[in-house]
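K.L.:
Give me a model of this one.
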Amino acid sequence: MRIGILAAGVWRSVHLELAKALRRSGNEVHVFTEDKRLSTVVGLTQVVEDGVIISGIHDEKRNPWVWVLDKLFKPVLGGRRFFTSLIAIAKFIASTRCDIYMVEGDGLGKFLALLAPFMRVRWVLCVHDHENLGVLLGYPWEPRGRLRAAVKKWVFGRADGLRANSFVTRDVMIEAGIEPERITVIPLHCIERMLLKEDLVAFRGRSRQEVLGRHGFSDDCRLVLVMCRLTPFKGLELAIHGFANIAQQSPKAMLLVCGGDRFVEGLGSYREHLENIARERHVDGRVIFAGNVESKNVKQYYAAADLHLVSSWIETFNYSAVEAALVGTRTVMTDKIGAGAWLKSSGAAVILSGRNPDDYGNAIRSLLAAPLEPEELRSIAKRTADILNVEESSRKVMAWLKQNVSPS
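P.N.:
Alright, predicted model coming up:
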């Protein structure tokens, strides 16, 4: 099959590995992307990587032939270079004429929704986020936008098929009014950089020594980790309250919160907001905010932890919990975390219904009290890698594409 994939910043995403897996299974695969490493903006730059033909334009420059239109219509259409992208994607479709086009996210999906009726192509949309669907979760400072929701639903309606990256994503789509029979659930996958290339137990021991030393924690500390950007929808109030509830019963436990701060309108620094909660709960000396962790050190932090927490109001997938599982660290999470269904089956997740701090704290305490044996750690990592293997994902995607390649 001749497959077209549209994905922004493909070298910074998980989508290129899926494209390569589809190529390995005998398909001709063309990718459109917008990325800094591509120099042109009027014509398409083309490179070939492992048999995948990648075409695209620079991700910031405007096409000089339509820059006036881009500027004039920016307030109405959103995005600073709508027509630049529209023309580039039209050129990509005209030059490739694939059997089907798979679009990663509705940001690029709107262009296919506009072009497909005129260029007579079939296309499917992969949905990776929950925002702007008109479904409100009720967390503080939640974004709202009726016009954006209307546009997003219009894009969904024009696609020949819809893929949700998790059951959580599917449920939000259904609540927004999308017909359930149009949605196929196929999870995202592990990528090569996430996989550990050395003995897991040895890596965990070395990582633990380095991370505990870096932050001045004792050798017998029970390390509980949060790794995310500090923003309200991450729901970190739940993590701090849950930890505070068990702090006295688990005197060796420390909560290490890693991630950059965000300024929230009407609130100010989200980190300061969380620090105030920790202070009010008398655990400010045991809740440590470490700021951003360099990407090269992230795997080390996951491996050093006894336990990982995800307390978000919603995550349509969540690679943080996946990366923790791949080094043998379990995650306590809410039931709105997309990757949870697969991580639970690999033994890497405890999923809690609702947002009760007592339940969250009890789960933290019980897991800290029952550390896993080395072989159990290895088993969690292996099962996670097997379940979320890119080859398995590509087989499911291929079956889905075949279902949508021609009208039913």
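
K.L.:
Mind telling me what element the closest residue in space to Ser393 that isn't next to it in sequence is part of?
P.N.:
Nearest in space to Ser393, with sequence neighbours left out and distances taken as CB to CB, 6 or more residues apart in numbering, is His189 at 4.0 Å. Bear in mind the C-beta positions are built from the backbone N, C-alpha and C, glycine included. According to DSSP states H and E, His189 maps onto no helix or strand at all.

K.L.:
so how many other residues sit close to Trp67?
P.N.:
16 (other CB atoms under 10 Å).

K.L.:
From Pro75, how far out is it?
P.N.:
Shown here: Trp67 relative to Pro75, a distance of 15 Å by CB to CB, to the nearest Å.

K.L.:
do the same with Lys396
P.N.:
Distance from Lys396 to Pro75, by CB to CB: 40 Å.

K.L.:
ok, those two, which is more surrounded?
P.N.:
Lys396 (15 against 7).

K.L.:
my read is the more buried one is in a helix, agree?
P.N.:
Yes - assessed with DSSP: H, G, I helix; E, B strand; the rest coil, Lys396 lies in a helix.

K.L.:
give the contact list for it.
P.N.:
Ile186 (CB atoms under 8 Å, 6 or more residues apart in numbering).

K.L.:
Let me see the residues that make contact with stretch 214-227.
P.N.:
By CB under 8 Å, 6+ apart, stretch 214-227 touches 208, 211-212, 236, 239, 243, 250, 252-259, 288, 290, 293, 298, 301-302, 304-311, 320, 324, 329, 364, 368.

K.L.:
and if we set it to 7 Å?
P.N.:
With CB atoms under 7 Å, 6 or more residues apart in numbering as the test, stretch 214-227 has contacts from 212, 236, 239, 243, 250, 252-259, 288, 290, 298, 301-302, 304-309, 320, 364, 368.

K.L.:
Quick one: mean pLDDT for the helix or strand hosting Arg206?
P.N.:
Here Arg206 sits within helix 200-214, counting by DSSP H and E. Here helix 200-214 scores 97 as its mean pLDDT.

K.L.:
Using CSV, write out the CA atom coordinates for it.
P.N.:
Extracted C-alpha coordinates of helix 200-214, given in CSV (Å, rounded to 0.1, in the frame of the first residue of the first chain):
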residue,chain,number,x,y,z
LEU,A,200,18.0,-3.0,34.5
VAL,A,201,18.9,-3.8,38.1
ALA,A,202,22.5,-2.6,37.8
PHE,A,203,21.2,0.6,36.1
ARG,A,204,18.6,1.2,38.9
GLY,A,205,21.2,0.8,41.6
ARG,A,206,23.7,3.2,40.0
SER,A,207,20.9,5.7,39.2
ARG,A,208,19.6,5.6,42.7
GLN,A,209,23.0,6.3,44.2
GLU,A,210,23.5,9.3,41.9
VAL,A,211,20.1,10.9,42.2
LEU,A,212,19.9,10.5,46.0
GLY,A,213,23.4,12.0,46.3
ARG,A,214,22.5,14.8,44.0
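
K.L.:
Quick one: name whatever helix or strand follows it.
P.N.:
strand 222-227.

K.L.:
List the neighbouring strands of that following strand plus their orientation.
P.N.:
strand 253-258 (parallel), strand 307-310 (parallel) (DSSP bridges).

K.L.:
Compare these and give me the one nearest Val155.
P.N.:
Proximity to Val155 (CB to CB) singles out strand 307-310 among the strands paired with strand 222-227, at 28.5 Å.

K.L.:
got the strands paired with strand 222-227 as CSV, with mean pLDDT columns?
P.N.:
Below are the strands paired with strand 222-227 laid out as CSV (pLDDT from 0 to 100):
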stretch, mean pLDDT
strand 253-258, 98
strand 307-310, 98
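
K.L.:
Would you point to the one among those strands that's packed deepest?
P.N.:
strand 307-310 (a mean of 26; mean count of other CB atoms under 10 Å).

K.L.:
contacts for that one?
P.N.:
Contacts for strand 307-310 (CB under 7 Å, 6+ apart): 224-226, 239, 302, 318, 320-321, 324, 329-333, 337, 364, 367-368.

K.L.:
Strands along the stretch 151-300 of the chain, start to end?
P.N.:
161-164, 183-185, 222-227, 253-258, 263-264, 268-269, 287-291 (DSSP state E, counting those that start in this stretch).

K.L.:
packing partners for the last one?
P.N.:
To tie it back to what came earlier, the one meant is strand 287-291. Here strand 287-291 touches strand 253-258, helix 270-280, going by 3 or more CB pairs under 7 Å, 6 or more residues apart in numbering; DSSP states H and E.

K.L.:
could I get the shortest one in PDB with only the CA atoms?
P.N.:
Taking C-alpha atoms only, strand 253-258 is exported to PDB below (Å, rounded to 0.1, in the frame of the first residue of the first chain):
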ATOM      1  CA  ALA A 253       9.500   8.700  52.100                       C
ATOM      2  CA  MET A 254      10.500  11.800  50.100                       C
ATOM      3  CA  LEU A 255       8.500  13.300  47.300                       C
ATOM      4  CA  LEU A 256      10.700  14.700  44.500                       C
ATOM      5  CA  VAL A 257       8.800  16.900  42.000                       C
ATOM      6  CA  CYS A 258      10.700  17.500  38.700                       C
END
